[in-house]
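Colleague: predicted model and sequence below, questions to follow.
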Amino acid sequence: MSIGLEHYLILSAILFSIGLYGALAKRNAIVILMSIELMLNGVNIAMVAFSRFIVPLLLTGQVFAIFIMVVAAAEVAVGLAIIISIYRNRGTIDATQINLMKW
């Protein structure tokens with residue numbers, strides 16, 4: 001039995017679903033960031049799988065996956081900086097208690 005496009009897409013959907021659940025259900029800001037990373041990795045797997053099975057001679061999916069990884073690295077750097085700043089000011093990283101925009 002060979003591994004086909006469907007298997008990669010199922011894996012991608014499972015990773016994306018786990019990340020979506022973590023981003024919506026958890027309250028810890030670091031866990032929310034990790035869940036967003038899982039979602040982006042699910043998208044990367046789908047991009048590379050589509051590129052590999054639909055247009056194998058072009059590397060468009062791989063190029064987009066590298067761009068997504070660069071954006072994810074920048075997002076993690078900025079997100080962790082914001083979380084550390086909030087932790088220093090408030091003493092917590094619970095997403096339900098962070099209400100900096102309220103008057």
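Modeller: On my side now, so go ahead.
Colleague: which stretches of the protein form helices?
Modeller: 5-25, 29-54, 60-90 (DSSP state H).
Colleague: out of those, which one sits most buried?
Modeller: Here the criterion is mean neighbour count by mean count of other CB atoms under 10 Å, and of the helices of the chain the winner is helix 29-54, at a mean of 18. Where C-beta positions appear, they are placed from N, C-alpha and C, glycine not excepted.
Colleague: name the nearest residue to residue 14, ignoring sequence neighbours.
Modeller: The spatial neighbour of residue 14 that comes closest, neighbours along the chain excluded (CB to CB, 6 or more residues apart in numbering), is residue 42 at 7.6 Å.
Colleague: correction: residue 33
Modeller: By the measure of CB to CB, 6+ apart, the closest residue to residue 33 outside its immediate chain neighbours is residue 79, 5.0 Å from it.
Colleague: the one you found and residue 3, how far apart?
Modeller: From residue 79 over to residue 3 the distance is 34 Å, taken as CB to CB, to the nearest Å.
Colleague: equivalent analysis for residue 91, please.
Modeller: Residue 91 sits 48 Å away from residue 3 when distances are taken as CB to CB.
Colleague: tell me the pLDDT of the closest residue to residue 69 other than its chain neighbours.
Modeller: Beyond its immediate neighbours in the sequence, the residue positioned closest to residue 69 (CB to CB, 6+ apart) is residue 44, lying 7.0 Å away. We have a pLDDT of 94 for residue 44.
Colleague: pretty sure residue 44 is touching residue 68, no?
Modeller: Yes. Counting by CB atoms under 8 Å, residue 68 is a contact partner of residue 44 at 5.5 Å.
Colleague: so which elements touch the lowest-mean-pLDDT helix or strand in the chain?
Modeller: Sorted by mean pLDDT, DSSP states H and E, the helices and strands of the chain end with helix 60-90, the least confident at a mean of 91. Packed against helix 60-90 by the contact rule (3 or more CB pairs under 8 Å, 6 or more residues apart in numbering; DSSP states H and E) you find helix 29-54.
Colleague: angle of the helix it packs on against helix 60-90?
Modeller: Interaxial angle of helix 29-54 relative to helix 60-90 (axes from the mean of the first three to the mean of the last three CA atoms, to 10 degrees): 180 degrees.
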